[in-house]
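> Need a 3D model of the following:
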Amino acid sequence: MYRAIAANKRNTVIIIALFIGLLAGLSLWWGYATGNGSGALMVIAFAIIYTVIQYYASTSLAVAMSGAVPIQKSDNPRLWNTVENIAISQGMPMPKVYVIPDDAPNAFATGRSPEHAVVAATTGLLAIMDDKELQGVMAHEMGHVRNYDIRVSAIVFGLVSAIGILADFAMRMAFFSSNSRSKDDNGFGVILLLVGVVGSIIAFLIGPLVTAAVSRQREYLADATGAEITRYPEGLASALNKLGEYGRPMRRASSSMAHMFITDPSKPGFVERAFSSHPPIRDRIARLMQIGKGF
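Okay, here's the model as predicted:
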């Protein structure tokens, strides 16, 4: 059980470290090609500032995009008590609780820290889950909060954004360079074009692959954390099985927040895809059942 949690944390760190290495290498190449490394730093700084703004606004954006409605204990005692019991058992602040009026069974968590957390469940999820399964789902979501997964997502988003902006800037400079410089000095424009092409490949191909890989690792980690919280991985495994059987697209599904949900809100049936933000349900269930043998 604890080995599974440690392995997922380690894999996430390795993936992010490799991506940071790619960003650093591209920035150095940019500095060498232009003779002005500070230009690359300025572009990256802009991307980081943009990411920070998105980071602090992510909770309100996610709630608005999903159509979630805030509730109090009297509105849905079953969901409220489930979340409250988990928060108390883990010594965590009570998050804000929302219900999403949607027949598609799903749930998500967001928030930059446990003190600013939000958990939400759809009406479809509440309708098909028994108490043990609901506890497993909400423990998974509280696991995301406890593990600061939103911060990890923000870091990866910032890295992808920095490379994308850097590549776009290089391509534009290459275009203007080819128009303004003499034929004898076209080498500068060629280097800029190469920087732009390589950066674009990283930002639009490798970047999404890395983002998806990190997201899948965090889903495995949240499953393991949820099993640790409830000490009953079979509950979450049963819930995931139902989600695989009853899965359907959400009415207000958004690809930008797909990684927040317990299952992909726009791709029911769940097949393995390189760019999927979630691992296959059957693999998650298999891991949970293996974890259960460790208790």
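> Backbone torsions only: list them for Tyr232.
Phi and psi for Tyr232, reported as degrees, to the nearest 10, are phi -150, psi 80.
> Next up, phi/psi of the residue lying closest to it once chain neighbours are set aside, please.
Nearest residue to Tyr232, sequence neighbours excluded (Cβ to Cβ, 6 or more residues apart in numbering): Lys132, at 6.6 Å. C-betas here are computed from N, CA, C, even on glycine. Dihedral angles phi and psi of Lys132 (degrees, to the nearest 10) take the values phi -70, psi -40.
> Just the residues contacting stretch 118-130, thanks.
Stretch 118-130 is contacted by residues 59, 62-63, 66, 68, 76, 78-79, 83, 95-111, 134, 137-138, 141-142, 145, 239, 242-243, 246, 250 when judged by Cβ atoms under 8 Å, 6 or more residues apart in numbering.
> Report the rounded mean pLDDT for it.
The pLDDT scores in stretch 118-130 average 96.
> Can you measure across it, start residue to end residue?
22 Å (Cα to Cα, to the nearest Å).
> go on, stretch 103-114?
28 Å.
> Can you give me the buried ones in it?
104-112, 114 (16 or more other Cβ atoms under 10 Å).
> Could you do stretch 279-292 as well?
Buried, per 16+ other Cβ under 10 Å, within stretch 279-292: 279, 281, 283-285, 287-288, 291-292.
> again, but for stretch 232-242
232-240, 242.
> From those residues, which land in helices?
Taking DSSP state H as the definition of helices, these contribute 233-240, 242.
> ok, of the buried residues of stretch 232-242, which one's closest to Gly226?
When the buried residues of stretch 232-242 are ranked by distance to Gly226 (Cβ to Cβ), Leu236 comes first, at 5.2 Å.
> Right, I'll call it a day here.
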